[in-house]
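Peer 1: fold the following and give me the result.
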Amino acid sequence: MSKVRADQVKHALANRHTDDLFLTEVKTGQTWNNKELLKFDALAMKRSWANPCITGYEVKVSRSDFTRDTKWPGYMAYCNKFSFVCPKGLITKDELPDNVGLIYYYPDTGALRSERPAKHRMIEIPTEMYMYMLMSRIEPDRHPFFSSQREMMQAYIADKTDRARLGKVAGSKLVTEILELRKKVEDEDWEKKRLQRDSELVQEVRELLSEYGIRLGAWNNWQDDLKQRLSTGVNPQVITTLTKIVSEAERLQQLIKPAASE
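Peer 2: Here you go, the predicted structure:
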């Protein structure tokens, strides 16, 4: 299984917050005069005047990144809810405070599942936070879902490699299917030609038998006529005519006998 990338997790979060204002790589203030500057991997704000709840996310895709991170508690002052998001099993609930949420990402499906919901905290969000959210929204050279140009290029290269691999697999399968369809068409064409030859042969036999007085048809007894013709070598019509002549001769003989006795 390929390594999970942070941008994949952020895309999944974006799909979860389609009805909210969703941003990635959100700083907690101005960069040039803030030594304690923090940056959310992702942030969502509910579209509500009465309760504009802000949810912050920290995305972790490696165990070492999580264990080395000591700055994340600072995020709590800038959001009403805060959660870690990571591949399934990378972080456990007992490693986090009770008020911090934990969401698992499933790479096979791209789905997210909450292991523990983040608790809502009533805090005053600094004005600078809203200012940066606005500026981040209109910044023309941002790379959504990526923390840097380099990360974006790495993801592009990885996706390109995956697409090439999938394209090769799909292409091979397509070639196999085309060959199978071609074989099926060739078989059907051969069968069609065979039936055509059989039909022509039957017509030739029909014409040949007709020359010898045998008519093929479902309404006559052509099988017996053919057997008789093959066994005697005499035209069945001749045999029929002779039979009638003999029968008439016998009947005439019966008529003549009484007259001769008188």
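
Peer 1: number of nearby residues for the nearest residue to residue 39 once chain neighbours are set aside?
Peer 2: Of all residues beyond its chain neighbours, the one nearest residue 39 is residue 27 (4.8 Å), with distances taken as CB to CB, 6 or more residues apart in numbering. (Each C-beta comes from the backbone N, C-alpha and C, glycine too.) Residues near residue 27, counting by other CB atoms under 10 Å, number 18.

Peer 1: could you measure from residue 27 over to residue 211?
Peer 2: According to CB to CB, to the nearest Å, residue 27 and residue 211 sit 102 Å apart.

Peer 1: residue 13 too?
Peer 2: 88 Å.

Peer 1: which residue sits closest to residue 214 in space, ignoring its chain neighbours?
Peer 2: The spatially closest residue to residue 214, leaving aside those adjacent along the chain, is residue 225, at 5.0 Å (CB to CB, 6+ apart).

Peer 1: got it, and residue 87?
Peer 2: Using CB to CB, 6+ apart and skipping the chain neighbours, the partner closest in space to residue 87 is residue 4 (4.7 Å).

Peer 1: can you pull the contacts of that neighbour?
Peer 2: Under the criterion of CB atoms under 8 Å, 6 or more residues apart in numbering, the neighbours of residue 4 are 61, 87, 105, 107.

Peer 1: confidence score at the closest residue to the last one other than its chain neighbours?
Peer 2: The spatially closest residue to residue 107, leaving aside those adjacent along the chain, is residue 4, at 5.1 Å (CB to CB, 6+ apart). According to the per-residue confidence, residue 4 scores 88 in pLDDT.

Peer 1: kindly report the same for residue 39.
Peer 2: 88.

Peer 1: show me the domain layout of this protein.
Peer 2: The chain is divided into the following domains under automatic domain parsing: 6-142, 222-256.

Peer 1: thinking residue 59 is in contact with residue 9, fair?
Peer 2: Yes: using CB atoms under 8 Å, residue 59 makes contact with residue 9 at a distance of 4.9 Å.

Peer 1: the more surrounded of residue 13 and residue 211?
Peer 2: For residue 13 versus residue 211, the count of surrounding residues by other CB under 10 Å is larger for residue 13: 23 against 7.

Peer 1: quick revisit: weakest of the domains of the chain by average pLDDT?
Peer 2: For the domains of the chain, the stretch scoring lowest in mean pLDDT is domain 222-256; its value is a mean of 69.

Peer 1: how about the strands of the stretch 101-250 of the chain, start to end?
Peer 2: Ranges of strands in the stretch 101-250 of the chain, per DSSP state E, counting those that start in this stretch, are 101-106, 111-116.

Peer 1: can you list the strands that the last one pairs with?
Peer 2: Going back to what we said before, that points to strand 111-116. Take DSSP bridges as the rule and strand 111-116 pairs in its sheet with strand 101-106 (antiparallel).

Peer 1: contacts for stretch 108-118 next, please.
Peer 2: When contacts are taken as CB under 8 Å, 6+ apart, the neighbours of stretch 108-118 outside the stretch itself are 8, 11-13, 16, 55, 81-83, 85, 93, 96, 99-106.

Peer 1: list the buried residues in that stretch.
Peer 2: By 16 or more other CB atoms under 10 Å, the buried positions in stretch 108-118 come out as 115, 118.

Peer 1: okay, how far is it across that stretch, tip to tip?
Peer 2: 25 Å (CA to CA, to the nearest Å).
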